[in-house]
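Build me a model:
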Amino acid sequence: MSNDAPVSPVAPRVERVPPHSEDAERGVLGAVLLDADKVMDLCIERQLVPESFYVPAYRAIFEAMQEMSRDGRPIDLLTISERLRGSGVLDRLGGPAALNRIVDATPTSAHAEYYITIVRDKALLRSVIHAARDAERICYEPEADAQSVLGQAEQSFFDITAHQHGQMRAWPDLVHEIVALFDNEHRGFQGVPTGYRNLDDTMKGMKPGNMIVLAARPSMGKTSLAMNIVENAALGKGDPTNRPRPVAVFSLEMSCVDLVKRMVCCRAEVSAHRIDDGFISEVNHRKLIQAADVLVRAPIYLDDSAGLEITELRARARRMRAKHNVELIVVDYLQLLRAPEFSRHGRQVEITMVSAGLKAMAKELGVPVLVLSQLSRAPESRGTTEKPKLSDLRDSGSIEQDADMVLLLRRPCRIVGDPEHDNRTLAYVDVAKNRNGPAHEDIRMEFDEDYTRFRDGARGMDEASIQPTYLQEETG
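So this is what the prediction gives:
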């Protein structure tokens, strides 16, 4: 038997009324009219804004109340009526009788905080719905990229909570937190140590929430230094307790395989070039296996996705922080990150947004973010002996402004005409900016190019014997 019944069309989407409570909104306005001084302070503290009100009439009334409070004017039935009448809003609301009905419906201002909480929570729910609909709309765009959409969606939802101010913290909790900070300072460091004596003496560790920029011209070894710091942090080197620190590495330039190979060879002190030539002696093979046994236990998490957008990188970092409790994030390197929505405004604006996003990520996650950056050709054009400057940071001056610390790496052997050009191992790290400490200090280091290993102190010194000054004080 054939089914000739017509196919019913898809049921139209029914638009539901967004979450709101008209009674609670009316209660807030009535409480303000009954006791403006107290209730308006509560509204400000709980971040109530005109957009928190769903009913248009109530939104207009609260906006007028907010303006009057900001101007220091008294708020009552008479003054708010005059204010609304002067702006032509009172007649649209139904005249003074509408305000009288609001007051009559509010028995007391004692429950104002309860009404404010309801209005605020309903507004948050509407924000969530708005963010979800935006994500849905983007998903249907022809050029939508799944990873990019996911990053934007995560960021939009996080922004909803990020814009909510925290409650006042208890005074004893703040005092205990500062005492713990003093304890760390007494031991000579804060945050994550780099594992290098001179760097840690100056930096006092990579501090939570800080953006540290390590910049250099190509082939100076900035990736090598960054990965040495990653290894030190993940193995607990330079920490008084030898506690390993989980580290997240975003490598936009090198693949994970190349990075791991470099780290194992560096740890084993075996030349990667010799391996590439197909020669591994029995001794070197044993050293490589021993190095791999040490590094395999290090809490290092690599992501080598190329061409990441800043919103996507922040989303991935947020997940790593939640899943692995990473205490240090390394990004190699800044100029390879993208902010497509700002690219049409020029490269400088795009990099400005990328830099701001990295700084926001450090504060949001509460961990230090070590960002590698390119320098422009300006040092080469100024002269052979001229040191790099902050203004040489490539593409945007906002990098210098956003960074809490800027480290400029140079190797005299790579600079033609430098007085120390013949020293193949010498390297300098110039602390060009240090928001919380001394700056413009040249820190001398040694670099073994065969092993891509930076050392603290003169070449040939036993690295295990070098201790930061705070450890020397404790053991001495």
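
going forward, measure contacts and count neighbours with C-alpha atoms only.
Noted.

and the residue nearest to M353 when sequence neighbours are not counted, what is it in contact with?
Take M353 and drop its neighbours on the chain: the residue closest to it by C-alpha to C-alpha, 6 or more residues apart in numbering is A339, 6.9 Å away. Counting by C-alpha atoms under 8 Å, 6 or more residues apart in numbering, A339 touches E309, I310, T311, E350, I351, M353, V354.

Let me know the pLDDT of the residue nearest to R455 when sequence neighbours are not counted.
Ranked by C-alpha to C-alpha, 6+ apart and with sequence neighbours excluded, the top spatial neighbour of R455 is E446, at 5.0 Å. Looking at E446, its pLDDT stands at 88.

buried residues in the one helix or strand A123 maps to?
Applying DSSP states H and E as the criterion places A123 in helix 112-139. Buried positions in helix 112-139, judged by neighbour count with 16 or more other C-alpha atoms under 10 Å: 112-113, 115-120, 122-124, 126-127, 131, 135, 138.

cool, stretch 137-153 as well?
Buried residues in stretch 137-153, defined by neighbour count with 16+ other C-alpha under 10 Å: I138, S148, V149, L150, G151, Q152, A153.

show me where pLDDT drops low in the chain?
For the chain, the stretches with pLDDT under 70 are 1-15, 161-170, 174, 177-178, 180-190, 278, 379-386, 395-396, 457-476.

now the contacts of A339 in a markdown table, with secondary structure?
As requested, the contacts of A339 are arranged in a markdown table below (DSSP: H, G, I helix; E, B strand; the rest coil):
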| residue | secondary structure |
| --- | --- |
| E309 | strand |
| I310 | helix |
| T311 | helix |
| E350 | helix |
| I351 | helix |
| M353 | helix |
| V354 | helix |
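
Convert stretch 99-112 to PDB, retaining C-alpha atoms only.
The C-alpha trace of stretch 99-112 is given here as PDB (Å, rounded to 0.1, in the frame of the first residue of the first chain):
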ATOM      1  CA  LEU A  99       6.300  54.900  39.100                       C
ATOM      2  CA  ASN A 100       3.800  54.900  41.900                       C
ATOM      3  CA  ARG A 101       2.700  51.300  41.000                       C
ATOM      4  CA  ILE A 102       6.400  50.200  41.200                       C
ATOM      5  CA  VAL A 103       6.700  51.600  44.800                       C
ATOM      6  CA  ASP A 104       3.300  50.200  45.800                       C
ATOM      7  CA  ALA A 105       4.400  46.700  44.600                       C
ATOM      8  CA  THR A 106       7.600  46.900  46.800                       C
ATOM      9  CA  PRO A 107       6.700  46.400  50.400                       C
ATOM     10  CA  THR A 108      10.300  47.000  51.700                       C
ATOM     11  CA  SER A 109      13.800  47.700  50.600                       C
ATOM     12  CA  ALA A 110      15.200  45.100  53.000                       C
ATOM     13  CA  HIS A 111      15.000  42.400  50.300                       C
ATOM     14  CA  ALA A 112      16.800  44.500  47.700                       C
END
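
circling back: roughly how far does the residue nearest to R455 sit from V192?
Taking C-alpha to C-alpha, to the nearest Å as the measure, E446 falls 22 Å from V192.

repeat for I61
Distance, I61 to V192, using C-alpha to C-alpha: 51 Å.

Just confirm L302 is within a strand.
Yes - the assignment for L302 by three-state DSSP puts it in a strand.

The nearest residue to it once chain neighbours are set aside - how many residues pack around it?
Here the nearest residue to L302 in space, its sequence neighbours aside, is V249; by C-alpha to C-alpha, 6+ apart that works out to 4.9 Å. Residues within reach of V249, counting by other C-alpha atoms under 10 Å, total 23.

Now V249: which helix or strand?
Counting by DSSP H and E, the element that carries V249 is strand 247-251.

could you say what helices and strands that strand packs with?
Taking 3 or more C-alpha pairs under 8 Å, 6 or more residues apart in numbering; DSSP states H and E as contact, the helices and strands that strand 247-251 lies on are helix 222-235, strand 300-303, strand 328-332.

Tell me if I'm right that the residue nearest to L302 and L313 touch.
No - because the distance of 10.8 Å does not satisfy C-alpha atoms under 8 Å, V249 is recorded as not touching L313.

on that earlier part again, what pairs with the helix or strand where the residue nearest to R455 lies, parallel or antiparallel?
Counting by DSSP H and E, the secondary-structure element that holds E446 is strand 441-448. Paired with strand 441-448 in the same sheet, following DSSP bridges, are strand 426-434 (antiparallel), strand 453-455 (antiparallel).

what's in contact with that strand?
The list of residues contacting strand 441-448 from outside it, by C-alpha under 8 Å, 6+ apart, reads 198-199, 425-432, 453-459.

and if you look at stretch 318-325?
Outside stretch 318-325, the residues that touch it by C-alpha under 8 Å, 6+ apart are P246, A248, V326, E327, L365.

ok, now with 7 Å
Residues lying outside stretch 318-325 but in contact with it, judged by C-alpha atoms under 7 Å, 6 or more residues apart in numbering, are P246, V326, L365.
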